[in-house]
Every structure is written in structure tokens, then in C-alpha cells.
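Chemist: Next one to model:
(chains A, B, C, D and E, ligands or ions: 5)
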Amino acid sequence: QEATIGFLGGFTGPIESLTPPIFEGAQLAVEQVNAQGGILDGGELAITSADGACDATASAAAADRLINTDGVVALVGGLCTGETIGGFNSAGLPGNVVFVSPASTAPSLTTLEDDDLVFRTTPSDALQGVKMAEMLLGKGIEDIAVTYVNNDYGAGFADALVTAFEEGGGTVAANVAHEDNKADYRAELGNLIASQNLVILAYANSSGQTILRQAVESGNFTTYVGGDGMVGDALLTGIEASMVEGMIATRAGAPSGEATQLYTDLADEAGLDANATYAPQAYDAAFLLALAIEKNGSADREGLSEALREVASAPGETILPGEWEKAKQLIAEGTDIDYQGAGGDLDFDDAGDIDGIIIELAIEGGSFTEVGQID
Amino acid sequence: MSELVFFFNQVVIAGAVLGSVYALGAIGVTLIFGILRFAHFAHGDMMTMGAFVAFILAVGAGALGIQTPIATGFIVLPLAMVIAAVLALGIDKGFYAPLRRRGARPVTLLIASIGVTLMIQGLLRLFFGTGTYSFFDTQPKTIFRIDTSAIGSTRPLVVTEPQIMLILLTIVVVVALHFFLTRSRLGKAMRAMADNPDLAQVSGINTQLVVRVTWIIAGSLACAAGTMLALDVTLKPDLAFNILLPIFAAAIVGGLGQAYGAIAGGFLIGFAETLAVFNWTLVLRPLRDVLPEWLELPNNLALVPTEYKLTVAFVILVITLLVRPTGIFKGAST
Amino acid sequence: MAVIELKHVVGGYGGAPILNGVDMSIEKSDIGVIVGPNGAGKSTTLKAIFGLLQVTGGSIVFDGEDITNAQPDRLVPLGLSFVPQEKNVFTTMSVEENLEMGAFVRRDDFSQTMQWVYHMFPVLAEKRRQPAGELSGGQRQMVAMGRALMSNPKLLMLDEPSAGLSPRYVIEIFETIVNVNKEGVGILMVEQNARQALAFASRGFVLANGQNRFTGTGAELIADPEVARSFLGG
Amino acid sequence: MSQDLVIDVRNVTKHFGGIAAVEDCSLSVRRGSITGLIGPNGAGKSTLFNMVAGNIVPDSGQVIFDGADVTGMPPHDLFRRGMLRTFQIAHEFSHMTALENLMMVPGDQPGEHLGNVWFRPFSASQRERDVRAKALDVIDFLKLGHVRDELAGNLSGGQKKLLELGRTMMVDAKVVLLDEVAAGVNRTLLNDLAGNIERMNRELGYTFFVIEHDMDLIGRLCDPVIVMAQGSKIAEGPMAEIRSNPEIIEAYFGSPVEVA
Amino acid sequence: MIRRSLGLFIGLFLLILAVGAVLGVPFTTARLLEAAAYALIALGLNIQWGYGGLFNFGIMGFMMLGGFAVTFISYPVNPEFWGSDGPWMLGRALLAFAFGALLVFGARKSTRLGIRGGWHVALTILAWFTAYVIYRSQIDPAAAYIESSAGFVGGLGAHPVLGWLFGGVLAAAIAYIVGKICLGLRTDYLAIATIGISEIIRALIKNMDWLTRGTLTVSPVPWPSPLAQDYMAEGYGDTASLLLSRGGFLALVLLVLAIVFVLIERAYGGPWGRMMRAIRDNHIAAASMGKNVTARQLEIFIFGSVLMGIGGAILVSFVQIHDPSSYQPINHTFLIWVMVIVGGAGNNWGALLGAIGIYFVWMISEPLARAIFELVSYVSTWAGIGPIPEIESRSAQMRVFVLGVVISVALRYAPRGLIPEYAGPRARN
Ligand SMILES: Nc1ncnc2c1ncn2[C@@H]1O[C@H](COP(=O)(O)OP(=O)(O)OP(=O)(O)O)[C@@H](O)[C@H]1O
Ligand SMILES: Nc1ncnc2c1ncn2[C@@H]1O[C@H](COP(=O)(O)OP(=O)(O)OP(=O)(O)O)[C@@H](O)[C@H]1O
Ligand SMILES: CC(C)C[C@H](N)C(=O)O
Ligand SMILES: [Mg+2]
Ligand SMILES: [Mg+2]
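Modeler: Ligands and ions are numbered 1, 2, ... in the order given. Reported below is the predicted structural model:
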């Protein structure tokens, strides 16, 4: 019996350069499932993608195609939060389809009415914001200027960060929203110079990069900080690396544990960048869905959400990235399993969120390098 | 004094740079409108395409080991402009000329140019993917930080090499264009044709030639504008499409068909955008101590919040049009 | 030798032909005047000569050269010049620039010609810097003629040059036309001020339904009672 | 005043930039007359018409129409009050057929209101038939029958002029302003037209205010004739009187052309 | 002409059938529904441009107004807001607004009191400024309060069809104001002014978080007809419920479209349409022939905008999310222009064909591009060059290319549109 899962992501639009590696992450999981015996009774697991364009409305049509034309069992995606919500509400909820987003981080997803169908393999920005605040305060940074892209992601993230930072005793000297996709942000930057520490919460392919470059050129700032949307090496094209050496960033990640190491090896083997933003999370999402389908015993949508919860959370025998054969075996035997992903433990709470790990990155020698977990 | 320098950096330089890009783009839009009577929507993507041409040339030059004192992007610009002009002629021949021959209305040409814009966008992404490129990957971008402590400022005056070049180029283009349009036979023929194509034809003006010249000018200026923009920011497939609306606004505010109008409009829109969101508190700060207690400076004294930045450009546009319905320089209309 | 010769020209605007076989022949010394009812094809005949519409039959020979369906930018340098009936000035350009455009195909110094035009129409000299769009109907007509004369044509074609002119200027325009003709420029014009025009025409053509009805000298046509009644208003 | 003035222009002035097109001009048109307006090119005749018909607002001065001050009133309101004009440069509706050009003229067509179109279609179509019949009559009279269904943009220059004139026959206007209708119209047809104008004046009581350069026509139709030069009225009287005024002859008529 | 139109519609029908066969009936139903909403909007533009010659490039703004309207009317009531001081404060802001409006109005009419020239201008500007300050002084705290206490004002919980109507009304009201200000402008100047206004509307809807939740999006917006979930709850199967629910919605939209279509066809065929064409052709002459050009253009502008508002509302109802940031000139305003021009401006059948046809092309362009790429990739692999990398991204990005080609080809062979405006004698009625 065969099964198809969908991938919904912004192949065009503001994160178009982040999307392909994320998709490859998901594909990697699917390849491994197929290489290790396939799904159910030897069927092939397929993955098919649609372009949600990081936009709620475009995503509605894309999700509709995946769900009602391609008939996918479940979906990895969307990436941007608006994309996930748009796709889910218009096609996911009516179609009773599980969405596992590897990247939608906005807090608004937590409260979405979803019939227990929406999950994510990355922690909410409610966490990332707090962690970022703690990290900055820990480094002795006492005042920041924040600029965020004016969407659910940026606004939610900024909100969490600012609250936490102020509660922790820091000063937010300026907090300015900006619109995506402009050629020039010098004016916005002019309103941010009240602090020398600039926090940019935006997408690397779009405003994030331009703002960073123009900030560097203006010479008004000394420290640069970015959120998950900024962590892509595309960010640094056209910026003299030495000027942003030491830029700090955060994103969801996993501690350097066994699972992460395993994934890194797998990715290297497949010729993928193991550090690509949200690629591990996408891998996890796809792998989890495969496990859930296996657990559910059929390529039906019915019951998948419970199955997903079961395979993802403790108790159970630990399954690590790539261990499909073992997992399949255990499921067949009726043993409970607990997937420990490349991006963390992945124990879903009631809202389908995970309590994840936020890692710190820094630019060293012209590219992002992991510094370690923020605790 | 720091405040003044800050103002200069934030408003004068930024506005001039933005204004120059808008102006260079808007000249092409306005000339095409004048001669061919339609709003050329693909102009933004012609700019991007031109920038990619320059980029390929620059990379090629780099690969050949050619080292240049100023950024290679500038050195290759003339060649890139020639290629862009040829491409523009090709686009006209392929997509607009057949429609003109069949006597299509301006709006049809406008929609055709939307078609062209979509095709260019698709092709650019096909060949260059969606990533960002920079002219300054291999060579550093020179940033001049002029120490202004002499006038008592703690901030440097910051201006980059591409910005200087861009402003210089704009001046050169403006002057050259002025002489071309008012002195040369061909320039006058262009104006005549913009005015009354049938009569121009009757006067023995080779209208085909005028159309070709228009595309050459528009194409090469688009290339220059795109390349300059890419040098100033970065190169990506949606580089100029995003500034298409302000460019059109500039052309319209200036008066369609009026080259000088386009320049004025470009700078008007550019400065409006930067001024509207400029935070006056930063300039007024030295007055902090003089001001009475009750008149405390708020944190943000910008005319509008930054999210309404583009809105300001359009409000100016609408108001200008209400006062002068065909733009500052009394433009043409179909 | 005829400066222009039309042989059984057939043509139109894409639909049914408007000209159904027009014959015409003008010497360099001639003033030819075409008259006829509205919609007869008079303007169309001039446009056909000037390559502004598709000629599907017959031939047009100018100064010994076949110019059937030739484009205007080839005809003007040959010495053909045309003043259309409507929209015949560049409204946004100054009067002077309008005249310059008339001399577009000339490479030599045309200031003499321009002086001559200003001399003929003193109003234009006064308004030389003003956009032609701001002139009164009659003034525009003068600009249009001036523009056409600037190319030093061998044959000047005029579509109702006197329309909208005050009597005094009608007279002046006609005098100018006669003078221009004396200097060796053939004239072919359409006129509704038919009596006045035929009075000095050496060739007259009455066109109706895209065909020649009567041909003769101006005086002959005026004298013909049939022509007078049907076409010249009694 | 003993005379019944339907149009009374009082001291109007209109400047375009630096040029005074009309300068402190006063003139009037008697009800039931056919008043001519002549003058050299650029005298300001058309500009004056534009001000009377509401297409241009005067800089100063007043326009009185039928006893009411209508200065600056938009053209469509003047039309409703019974004024109709033609244009020197034909203003046809080029993408509509000749017939439609005429059919759109009558005011107050019920079918021009969406409410009637949707909810009272009968009254609309009733009127439509009448309008059409009338338009067909006018078309025939103008000898435009063969181009009835041709787009007006494709008509010859003179045919457009005829259409322009035809509009005035579509409605019962109190006053009709004709701006050089004769220019470009075949003389034989023009004779018929002149006859018709006279008839409309006599039988239907139309008042005509006519700009014309064709002196035969003016002479035949108009009394009185007003002469304008450089933006203001310089003379008024019957044609014979005007013709004999040496100043006007010099400025306006010129001497006949010598035959080559 | 009739033959050709019929052929084109049959072709379109076949295209839809083919899409249905390849991509499934539920998918096709949904796209057909959206296409119908776009058709409504295209008809609105056809009225404005095709009949009225008004170069409206602010379609997106009116669609957004419709989207906002239906969200506001049909989204469930937010008790947190109504239980707080919010309504109070909003009421005050509303009063302040009314007061401000009165001030401005008064200043503009001050000529009656003999205040003229420079003083009049100065007074007007002062009135505008005072009104702005007064309004801001009330709305800013209200907005901040609502955002922090209740999130946003929520909806009214009424039936979505009421929301569509309100979308039309709201669009009409704004169109009235815009028209009053801008309709004096000619062609391209009007175009850019309306683009400007739609950008302003977008900025407002996107940033008035207290009213619209701005970029945080509102969902799910309710449907006017039963949802698939409802049918499922009644025990229908998955596919059946989906078909039933979408079919129901589609029927409703088609009904609206049909009514609108008949109404405007009627109007256009008669004297009203003739008058509008006359105004479009030559407004100076039309005015001299007694047509109140300004009023008529305003009428037509509002009429068209109402349809845009309703269409925008239907689209939001259907996708169930109101996301102000997903509105882009390129796929709202320009796409609709493409529909009307390719279809045939001035001809309602043309606009209908163009809207549905272009929308379907747009929808299938991605799978189509992907299929082409896969073929090429297959060939290149076979030829030893290797497969095309990143097929998914590239094909997603190529969809714009496909649309571009379709536009160019269509215009090349039918410059006046597939079913052009009929100019010539109209049937005797
Ligand atoms: N729109 C305008 N802008 C500037 N000047 C104008 C404008 N319209 C007319 N004029 C000027 O006003 C003067 C009067 O023009 P008007 O058209 O009224 O003359 P007219 O008496 O009708 O002449 P004609 O008999 O040649 O039609 C002319 O000198 C003309 O140049
Ligand atoms: N552009 C056009 N397209 C189609 N038909 C046209 C076009 N121009 C003119 N016609 C038609 O051709 C015929 C002849 O027109 P033409 O302009 O030659 O007449 P004319 O003899 O100059 O008349 P007039 O004295 O009124 O200027 C008319 O019936 C007219 O309807
Ligand atoms: C891919 C990510 C940058 C998406 C982002 N975290 C969002 O929620 O929108
Ligand atoms: Mg003619
Ligand atoms: Mg006049």
C-alpha cells in the first residue's frame, strides 16, 4: 500500500531561498523510509510539494491541491505561519488532514482551533523570544533596538522578545515594524539608532538582508542580532563578512546529542547541509508522519493525529533519526515508540507545540556557526 | 552638529540615492509613454535584467582576472547598457511591435507589458534561481566615512562608492538627455512623435527609427539604474519589481512624456519617502535642555510611522495630481 | 512632364474600397483642385498618394518614379509634402519647432525658408515661442501650411487649407498658394471653398463615390451648370 | 429693456497665461434671432462660445442665459436649460455609429437611469423607439444614410461636421450655438442646411448664434452680425452695414485674390 | 462573432473538464468558485474601464474592503471586547471623527461667509489638521486599549451573505469618496492615483490591528453554506461532504454572478450603455449634450467598485482567512486587468471568459510548468547532462512565465480581446 505526504512551503516569495533545503530535509526522511523497507506492507512513501508562497491565500489554493487532488495523507508544512494557517483553515480542517509544520513559529499557532490536527516540530517564538532575551541580557547587553517584519511571525516574535527583555531589566530603546520587500530601509534604521545593539526579526531573503547591510554601511551599530528567519548564508551576500563577524542569532535546534549527530551524518552522506535552517525540523516532521502512518496501519487520514502523538511522545522505546527499519519492526510488534528527532525530543503538548531547544549561533569566518544551546 | 550630519546621512544622501534610482527608471517609463503611449510595466524587470547582464559581465571580467580600481560593476556598465539596449529592442520587436502594427490600443500594450514582465521574472529565476548576488563578493565595497569632527560632530558622514557613482551618473544622464532632446534632430523628432505620430510620419520622420531610439535609451538607462541599485543594495530577481510603483509614481507626478518631469518626480518621491519617516526627535535633541519641562520631546517625532512610508509617497502623488492634474510638468495623456 | 500621375487608383481602409479608380495628372506648373461632396474620397485620395493607406489597384507615379504604397519617410525627401485636414500641428511644440519639424528631412540650412514662412504669416512670427496647441483654429492652419512648406517640396498637397480661415486669410492663403506655385511647386488640394479655389485652378477634379466625375480646368468646371448645381452649391 | 435677450454676456474676460483671449467683452443675442459672430482668426470667438456654453469659466464678468446668471454653470445644466452647442473641431463619439451619435443627444431619456432600465423597462423602450425614429429622419436629411452604421471616427471630415449639426436637430433647444459648421461642408449640402436653419428659426422659434467665416452664409442667414476683434466686440449691425465698414474690410475681408 | 464566442466558451468548458479530470473534482470546484468571484470583479472592472473608460488600478483596495467587511460582519462576536471599555472609547473616537468631519466641511463651506482665497485655504488646512489631531487623540488610546485588552474588536456574528452586501456597501462608500476626489484625472493619472489609494487602503487595513488584527490574520471566517465538517458530522463521507459543501457555495456564487450579469447586460444594451460609451469616447461633447459627466462617472465607478467589494468578500469567505498581507497588486489588480483585456474590454462575455480562463491558466500553470520541467529533466538526464536541480522551486517560479506566455500569445492573435467589444449598430429594441 502506498502513501503520499505533502509538502507545503514558500518556494517563491520572501523565504524562497530558505525553502529548498527545508524541502530536501523532508525528502531525505522519505528516501530513508523507502530505502529501509518502505511504508506499511512494503509500499512506497511519496512526497509531493506545492508552493504556498509564504502567503495565507496562495497557500489555501496550494493546500487544496495537495489535499484534494493529490490526496495526501498528511502534510509537512507550511513554513511561514500565515501559510500554515491559511492552508489549514481552508483545506486542512475540512479534509481532516494533519499538518506538521517544521518552521511556523508564531505564538498564534498555539491558539489556533485545529481539532488537534496542527503540530509543529519547532518551538514557538514565545520561547525563542524569551530565550533570545535571556541570552542578550546574559551577555551584558542592556539596551536593544528591535525591528521586525510586519507579519504574524515578526510581530509575535518581537512581542515575546520585548516583554521578556524588559522584564529581565533591559531597555528596548526602539521597536519598529517594517514592511517587507523594500529596496531601502535607511529611514527605518534612522529611527533605530537609539541603541547600538540592533535586533532584526525578518526573513533572510527579503528585508532582513537589506536592513543588515544598510545597518552595517551606516556604521551606527555595533552588535547585530537575528532570529531564525535570518539564519541563512544567503544573508551575507554583499556584506563584508568582517563587519558582521560575531553577529548573534537564534533558532530552534537540538543539543549536540546523539540524535543530532546521527542526523548530521545522514545529511552529510546525502550531500545536504545539516545546518540549514529548519531542515532538521522538516526531516523530523516527515519522519514522524511516516511513523504515524505506519502506526495508524493505513494510509487513511482518520486516526493519524492520535497515532502521531503516540509515536512522538514518551513513553516508548527511543527511535532516532534514520532508524526506520527498527521503528517499523517495533510498531509491527505493537511496542510503543518515542521518536527523538534531529531537532529535539518532540513531545507534543495539548496544543501540538513542543518544548524545544533554542540554540545560539554566531557568524564566524563569514558563515553561521553554532555556539550552543541557550539555557 | 552630530545631528546635522545625521540628518545629512539619513535624508539628503538616502533621498538623493533613492531619487536617482527612481529618476533613471522613470525617464525610461516616461519616454516610452511619450512615444508609444503606453505605461510600460515591464520596466522594473528590464532594470533587473540589465543588472543581471552587468553582473554576468562583471563576473566574467573577474574570471578573466581583470582587476579594476573601482568596482568592476561600473567598468562593465557601458557594455551592459549596450546589451540591455539590444535586449530592449528585441522585446519590442517580439512583443510590442506586432501589436502596434495591428493598431492595438495603449491599454493592450500595457497588458502585453505585464505579460513581458512575468516572462522576464520567470526566466531570471530559471537561470539565476532565487538567491541574492552581490557585485562585491570578490572585491570590497568602498565606504567613505568622512570624519566631521572638524565641525564638531561625533558622527562621520557616510557615503558609499556606488552612491557617489549613482548620483554622478544621474547628473550626466540628465544633462546629456537635455541636450539630446532639445538640440539634436533625433531628439526633436522624438518629441514630435510623442506629440502627434501621424503628423510626424507625414513630416517624413522615420517613426520606426524614433521608436528604436526610444527603446535604446530606455533600455540602457534601465540597465544603468538597475545596476546602480544592485551595486547599492544587492542583486536579486525581484530587485526592481518592488520599486516599480514608486517609479511610475515619479513618472506620473512629473507629467507623463516629460523627461524633466520624471527626474523631478523621482527626487520628489525619493525625498518624500525618506523625510516622512525621519525622526525629528534626533535632530531636535540638542534643544532638549532649552525646552520647558512640559514640552518634553517624545521618543518618536516622525511624520508618520514607518509602516506608512509608501503611503506618504502616494499621498503626495494624489495631492500633486489634484493640484496639477497632468503632473508637475504638464504631461501628456492618452 | 507630370509631377504626379494617378492611374485608376483603387484603395481603402481595409473594408470595402473607398477609391474605385481615380485618375489624376498634375504638371509642375499646375494648381490642381479636387472638389466633391462630403465623403467622396477626396482626403482619401491624398492619403493614398502619401502612402497612408493601402492601395490595392492602379499606380501612382511621382516625378517619374513609382511611389505606389511607398512610406512617407521616403516620399518627403523626394519632394512631396502634405497638410492633413485634421490634427495637422504638433500641439505641444512651439510654432518654431513645428516649422523645424517640417524641415526634418532637410540637411541644408533652412533659415531662409523659415523667414519666408514668417513673412507670409506674420502672426506666426509673433507667436513663434507659443505652443501650437494654444492657437486659434485659423492660426493652426497657418502653422500647418508653414510646416509643409519648410521641406521645399516639388508637390504640395493640401487638405482643405482654407477651412476655418477668415476671409482675409482665405485670400492670403490662396495667394500664397498661387505664389508658391509660381516658384515651381505643383499644388494638389482639396477644397470646399470650391468656387474660389477653382477660380485660380489650372486643373479641377470633381470626385464622387471614389471616382472621377468631371475633369477640366477650373474655369470649365465652374461654367458647367451640372457641376455647379450638384457640387458647388448652385 | 425692450428687447428680449436670451443670451447676455456682460464684461467677460478670459486670459490664457499671458494672452487675453477675450477681454471685457459684452454682447447679447435676441430671442428668435439668428445672430452671426465674425472676426479674424484668434479674435476670441470660440473662447466666447466656450464661456457661454459652460466649457470654460470666465475669469470675470457674467453670462446671463434666459434671465438667469449661469456664469460657471456646467454644460450639462445649460443643456437642460435649453442651450446646445456644436464644436469647431468636430467632437464626435468616434467609437459609436453615426446613428448612435445622434440617438444619445436627447436629454431625460428614461433608459439612461439604471433604475428604469432594471425595473421599468417599458417606459424606456417606448421612448427609445421615438428617439430612433427621430435620429433616422435627421440622418436622412443630412444625406448620411449610407454611413448610418459606420463608426463616427471613420467618417470624413465633412461628414463629422454634418453629424455635429445633426445633433442640434435632435432636440428642441431654445438656443443653438454653431461654431463654424460650414467649414468643410460641401456647398450644395450647405445650402440645404442653411434652409433648414432658417426653417427651424422661423417655424420652431430656435435662436441661433453662429460663428462663421463663410460670408455668403452669414449674409444669407444672420441679422444682426457681431464683429469681434482682439477679444472684444467692435461692431454690430446688419450684414450690409458691416460689409461697408472700411475698417472691418481691411481687418477682416481683405481684397479678392487675383487669378493667376 | 457569435460562432467564435461559442467556440471559445466551449473550449473553456473543455479546459475545466480536463482540469477536473486530472486534478480532481473538489479542487476544480474550488477553483471554479474562485474564478466566479474573480469574474464578478472582472465585470466590475469591465464596467469601469470597458464602459466608462475609467482607468481604475486600485482594484486591490476595493477587494480588501470587501474582505474586511465580510470578516467584520460574519466573524463571531468577541465578548472580551464588548465587555470592556472598548466600545465606549470607540464611540468617542467616532464622535471625534464626526466632529472633525464637520470642522472640515465647515471650513470648506466658509466661502459662504465671504472667506476666500488664501484665507480659505489656510482655514481648510487648519481644519484638517485640527480634525486629525482630535481624532488621533481619541483613536490612539482606544486602539491601544483594545489591542491590549481584547486583541481586536472581533466580528458581529451575522450571516456571511450580509457581509458580502456590506462589502459592496463599504466599497461603494469609499468609491464615492475616491471618485469625488480623483475622477477629474485623466487615464494614466487616474490609474496611478487609484493605485496610490489602494496602497493607502492596504496600509490602513494592514496596520489598524484593533479593527482587523492586521498582519496577524483573522480565521476561520465562516461560510455562508454548510461546511464540509458539518456534512461529515451528519455522516456523509469525506469526498461527498467536500463536494456537497463546495457545490453549495459554488451554487450561491454562481447565482450572484448570474444576477449581476443579467443586470449589467441589460443596462449596457440600452440608452444607459450608449450614454456611458459616449462619455468614454468624448466627455467634453457628452457634457455639452446634457450628460452629467461627473455624476455618471461617479455612478459607474461606484457600480464597478461594488462588484469588486462583493467579489473580494466572497473570496475571503471562501478561503476563510482574512490576511491583509496576502494582497499584492500583481495578483489582484493586474491579474484582473489581464483578465478583462485578454477577454475583451467592453464586452461582458469577454470579461467572463477572460476571468475564468486566465484564472484557470494561473491555477494550472504550476503543475504545467512542473510537467514541462520533468520532461526536460528526463531528457537531460537521458542525454547525460543530469537532471534539473531544484525542480520544485523552479517550476513554482516558472508559473509566472507560463502566464506571461499565455498573455502574449492571446494578445498577439486577438489584440482587442478574445471576444472584443461590439462596435456597430445595436439590435433594434
Ligand atoms: N487653451 C488655450 N490656451 C492658450 N491660449 C488659447 C487657448 N485657446 C485659445 N487661446 C488663444 O486665445 C485666442 C482666441 O482664440 P479663439 O479660439 O477663441 O479664436 P477664434 O476667434 O475662435 O479664432 P478662429 O476663427 O481662428 O477659430 C487665440 O490667440 C488663441 O491663441
Ligand atoms: N479611417 C477610416 N476608416 C474607414 N473608413 C474611412 C476612414 N476615413 C474615411 N473613411 C470613409 O471613406 C469615405 C471617404 O472619406 P474621405 O475622408 O476621403 O472623404 P472626403 O471626400 O475627404 O470628404 P470631406 O469633404 O467630408 O472631407 C467616407 O465615407 C468615410 O466614411
Ligand atoms: C521559515 C521561517 C523563517 C518561518 C518563520 N519562523 C514563520 O513563522 O513565519
Ligand atoms: Mg476630407
Ligand atoms: Mg474658433
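
Chemist: got a list of what the closest residue to chain A within the stretch 51-200 of chain E touches?
Modeler: Taking C-beta to the nearest C-beta, chain A has its nearest neighbour within the stretch 51-200 of chain E at E:Gly67, 9.6 Å off. Every C-beta, even on glycine, is put in place using the N, C-alpha and C of the backbone. E:Gly67 sits next to E:Gly167, E:Gly312, E:Ala313, E:Leu315, E:Val316, E:His322, E:Tyr327 when contact means C-beta atoms under 8 Å, 6 or more residues apart in numbering or on different chains.

Chemist: and the second one, what element?
Modeler: Just to be clear, that refers to E:Gly312. helix E:293-319 (DSSP states H and E).

Chemist: Packing partners of the helix or strand following that helix?
Modeler: Next helix or strand after helix E:293-319 toward the C-terminus (DSSP H and E): helix E:335-343. Judged by 3 or more C-beta pairs under 8 Å, 6 or more residues apart in numbering or on different chains; DSSP states H and E, the packing partners of helix E:335-343 are helix B:106-128, helix E:25-45, helix E:348-382, helix E:391-413.

Chemist: what's the closest non-adjacent residue to the residue sitting nearest the centre point of chain E?
Modeler: Nearest residue to the geometric centre of chain E (C-alpha atoms, centre = their mean): E:Met63, 3.0 Å. Among residues not flanking E:Met63 along the chain, E:Gly312 sits closest, at 3.1 Å (C-beta to C-beta, 6 or more residues apart in numbering or on different chains).

Chemist: residue contacts, the one you found?
Modeler: So E:Gly312 contacts E:Ala37, E:Ile41, E:Phe62, E:Met63, E:Met64, E:Leu65, E:Gly66, E:Gly67, E:Gly167, E:Ala171 (C-beta under 8 Å, 6+ apart).

Chemist: Find the least confident helix or strand in chain B, judged by mean pLDDT.
Modeler: Sorted by mean pLDDT, DSSP states H and E, the helices and strands of chain B end with helix B:281-284, the least confident at a mean of 73.

Chemist: Just the pLDDT at A:Glu370, thanks.
Modeler: The score at A:Glu370 is 84. That number is its pLDDT.

Chemist: And the residue of chain C closest to ligand 3?
Modeler: Closest to ligand 3 within chain C is C:Thr92: 51.9 Å, counting by C-beta to the nearest ligand atom.

Chemist: In a strand, that residue, correct?
Modeler: No: secondary structure of C:Thr92 (DSSP: H, G, I helix; E, B strand; the rest coil): coil, not part of a strand.

Chemist: burial measure for it, as a count.
Modeler: 21 (other C-beta atoms under 10 Å in any protein chain shown).

Chemist: Find the nearest non-adjacent residue to it, please.
Modeler: B:Asp195 (4.8 Å).

Chemist: from memory the residue of chain C closest to ligand 3 sits against B:Leu199, does it?
Modeler: No: using C-beta atoms under 8 Å, C:Thr92 is not in contact with B:Leu199, being 11.7 Å away.

Chemist: any shared contact partners between the two?
Modeler: Common neighbours of C:Thr92 and B:Leu199, using C-beta under 8 Å, 6+ apart, do not exist here.

Chemist: I'd say C:Val227 and C:Leu221 touch.
Modeler: Yes: contact criterion C-beta under 8 Å: C:Val227 and C:Leu221 qualify, at 5.1 Å.

Chemist: interface residues of the stretch 51-200 of chain D facing ligand 5?
Modeler: Contact residues (C-beta under 5 Å from the ion) of the stretch 51-200 of chain D with ligand 5: D:Gln88.

Chemist: So E:Ala173 versus ligand 5, what's the distance?
Modeler: Counting by C-beta to the ion, to the nearest Å, the gap from E:Ala173 to ligand 5 is 44 Å.

Chemist: Quickly check: the helix or strand containing that residue near chain B or not.
Modeler: Take DSSP H and E as the rule and E:Ala173 turns out to sit in helix E:160-182. Yes: applying C-beta under 8 Å from any C-beta of the partner chain, one finds that helix E:160-182 is in contact with chain B at E:Ile181, E:Cys182.

Chemist: and after that helix, which helix or strand comes next?
Modeler: helix E:187-207.

Chemist: and that next one, average pLDDT?
Modeler: On average, helix E:187-207 scores 86.

Chemist: buried set for it?
Modeler: Using 16 or more other C-beta atoms under 10 Å in any protein chain shown as the test for burial, helix E:187-207 gives E:187-207.

Chemist: what packs against that helix?
Modeler: On a contact count with 3+ C-beta pairs under 8 Å, 6+ apart, helix E:187-207 meets helix B:244-254, helix B:309-323, helix E:59-74, helix E:160-182.

Chemist: Please export the C-alpha coordinates of the shortest one as CSV.
Modeler: The reference is to helix B:244-254. Taking C-alpha atoms only, helix B:244-254 is exported to CSV below (Å, rounded to 0.1, in the frame of the first residue of the first chain):
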residue,chain,number,x,y,z
LEU,B,244,8.1,49.8,-9.9
LEU,B,245,5.2,51.6,-8.2
PRO,B,246,7.3,54.5,-7.0
ILE,B,247,8.9,54.7,-10.4
PHE,B,248,5.5,55.0,-12.0
ALA,B,249,4.5,57.5,-9.4
ALA,B,250,7.6,59.5,-10.2
ALA,B,251,6.9,59.5,-13.9
ILE,B,252,3.3,60.5,-13.4
VAL,B,253,3.9,63.1,-10.8
GLY,B,254,6.4,64.7,-13.2
